[in-house]
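Colleague: Let's see this in three dimensions:
(one chain, ligands or ions: 1)
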Amino acid sequence: MKKWKVAIVILAFGVILTACSSSQEEEEQREQTVPDLEIKVEDQDDTTEEKNSGETDSTEAAEEEEPGERREEIVVLDPGHSSVVAEGTEPLGPGSSEQKAADTLGTGGVSTGIPEYELTLTVSQKLKSELEDRGYTVVLTRDSNDVPMSCVQRATVASDADADAFVRIHANGIDDSSVQGAMTICITEQNPFYPELYPQSRALSDNIINELCKAAGCENDGVWETDSMSGNNWSEVPATIVEMGYMTNPEEDQLMASEEYQNKMVQGIANGIDVYFGY
Ligand SMILES: [Zn+2]
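Modeller: Next comes the predicted model:
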């Protein structure tokens, strides 16, 4: 703003102030004092604009009062598998001589015919939206089904984002169609790669499985501790795999495909993440 305009504004302010009663005048002066301090930072090139800051300040205040308070934690969600399977092998963990397949196709719905990679992406996208509503910053390792992604690449997304939690969404599969229930999977206390992450990974796993089963009403198969999951082993941040249920069980497969049950699972997993962070 040009200096002559500022001069007019200052003049106008003066007129308003003199026209006011004494108590209002004090009020106006207080309001005027606060913006003075802030505008100096914004308009360093022209200090004469200081007085013309009332409107700018009220706009800023409105933005700060937006609903849905931001939270500082970053959550990386990893929708398991993909329609294009990453080829080759990778070390089981950093510096390991043992090799594992970079990724696998995963399981599929025995009743619905839905592939695991499709279900995991659907639930992950819903979960992302729910967690963002709760104030978290959320990153997906993949946002489409035709992107090949190895386990190391998935873990690297979490590590690079400096995530506070790495939550990997999967569904289970087994030969016996009567088997059902949900579980989470984390590293053991003796993990050869990042054993220091065990307490947090275990707590994350405990909280998610308990809240998931509470919200969805599914069988709680607890936490499976293993160092055979390369995506968990490579993660430099607390990690868990959520096996939401068995796609090889016709009833659980049907349930997991339904919008209503998906919403319950999303609420449960989000609640578990909240409990983990102490909300
Ligand atoms: Zn899987």
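
Colleague: would I209 count as being in a strand?
Modeller: No: per DSSP: H, G, I helix; E, B strand; the rest coil, I209 lies outside any strand segment and is helix.

Colleague: what's the closest non-adjacent residue to it?
Modeller: In this structure, I209 finds its nearest non-sequential neighbour in T184, 4.4 Å apart by CB to CB, 6 or more residues apart in numbering. In short, each C-beta sits where N, CA and C put it, glycine included.

Colleague: Give the bridge partners for the one you found, please.
Modeller: V223, V242 (DSSP bridges).

Colleague: ranges for the helices of the stretch 101-250 of the chain?
Modeller: 116-133, 151-160, 198-216, 230-234, 250-257 (DSSP state H, counting those that start in this stretch).

Colleague: Tell me which of the ones you listed is the most buried.
Modeller: Ranked by mean neighbour count, those are led by helix 230-234 with a mean of 26 (mean count of other CB atoms under 10 Å).

Colleague: next one: that one to chain centre, how far?
Modeller: Relative to its chain's centre, helix 230-234 lies at 19 Å (CA atoms, centre = their mean, to the nearest Å).

Colleague: Which strands or helices does it pack on?
Modeller: helix 151-160, strand 239-246 (3 or more CB pairs under 8 Å, 6 or more residues apart in numbering; DSSP states H and E).

Colleague: Can you tell me which of these is nearest to G95?
Modeller: Closest to G95 of the helices and strands packed on helix 230-234 is helix 151-160 (CB to CB; 12.4 Å).

Colleague: is that closest one anywhere near the ion?
Modeller: No: using CB under 5 Å from the ion, helix 151-160 stays clear of the ion, coming no nearer than 10.8 Å.

Colleague: T248 and the ion, how far apart?
Modeller: 12 Å (CB to the ion, to the nearest Å).

Colleague: who's in contact with that residue?
Modeller: 107, 110, 172-177, 179 (CB atoms under 8 Å, 6 or more residues apart in numbering).

Colleague: at 6 Å instead, please
Modeller: Going by CB atoms under 6 Å, 6 or more residues apart in numbering, T248 touches 110, 173-174, 177.

Colleague: List buried residues within those.
Modeller: 110, 173 (16 or more other CB atoms under 10 Å).

Colleague: Kindly indicate which of the contacts of T248 lies nearest the ion.
Modeller: Closest approach between those and the ion, by CB to the ion: G173, at 7.6 Å.

Colleague: Test my guess that M244 contacts A171.
Modeller: Yes: counting by CB atoms under 6 Å, A171 is a contact partner of M244 at 5.2 Å.

Colleague: Tell me, please, where in the protein the pLDDT is lower than the cut-off.
Modeller: For the chain, applying pLDDT under 70 flags the ranges 1-68.

Colleague: I'd like to know which residues of it are adjacent to the ion.
Modeller: Residues of the chain lying near the ion (CB under 5 Å from the ion): 80, 106, 170.

Colleague: Out of those residues, who's the most crowded?
Modeller: G80 (29 neighbours; other CB atoms under 10 Å).

Colleague: What residue, apart from its backbone neighbours, is nearest it spatially?
Modeller: H170 (3.9 Å).

Colleague: The one you found bridge partners, please.
Modeller: Going by DSSP bridges, H170 forms beta bridges with E243.

Colleague: from what I can see it touches E243, true?
Modeller: Yes: here H170 lies in contact with E243, judged by CB under 6 Å, at a distance of 5.2 Å.

Colleague: And the strands in the stretch 1-150 of the chain, which stretches?
Modeller: Remark: strands assigned in the stretch 1-150 of the chain by DSSP state E, counting those that start in this stretch are 74-79, 89-91, 99-101, 137-140.

Colleague: Mind listing what's buried along the third one?
Modeller: Looking back up the chat, that one is strand 99-101. For strand 99-101, by 16+ other CB under 10 Å, it's K100.

Colleague: For the ion, what is the nearest residue in the stretch 101-250 of the chain?
Modeller: For the stretch 101-250 of the chain, CB to the ion, closest residue to the ion: H170, 3.5 Å.

Colleague: who touches that residue in this structure?
Modeller: H170 neighbours (CB under 6 Å, 6+ apart): 80, 241, 243.

Colleague: Let's see that with 10 Å instead.
Modeller: Applying CB atoms under 10 Å, 6 or more residues apart in numbering, we find H170 in contact with 78-81, 106-107, 116-117, 119-120, 123, 183-185, 231, 241-245, 247.
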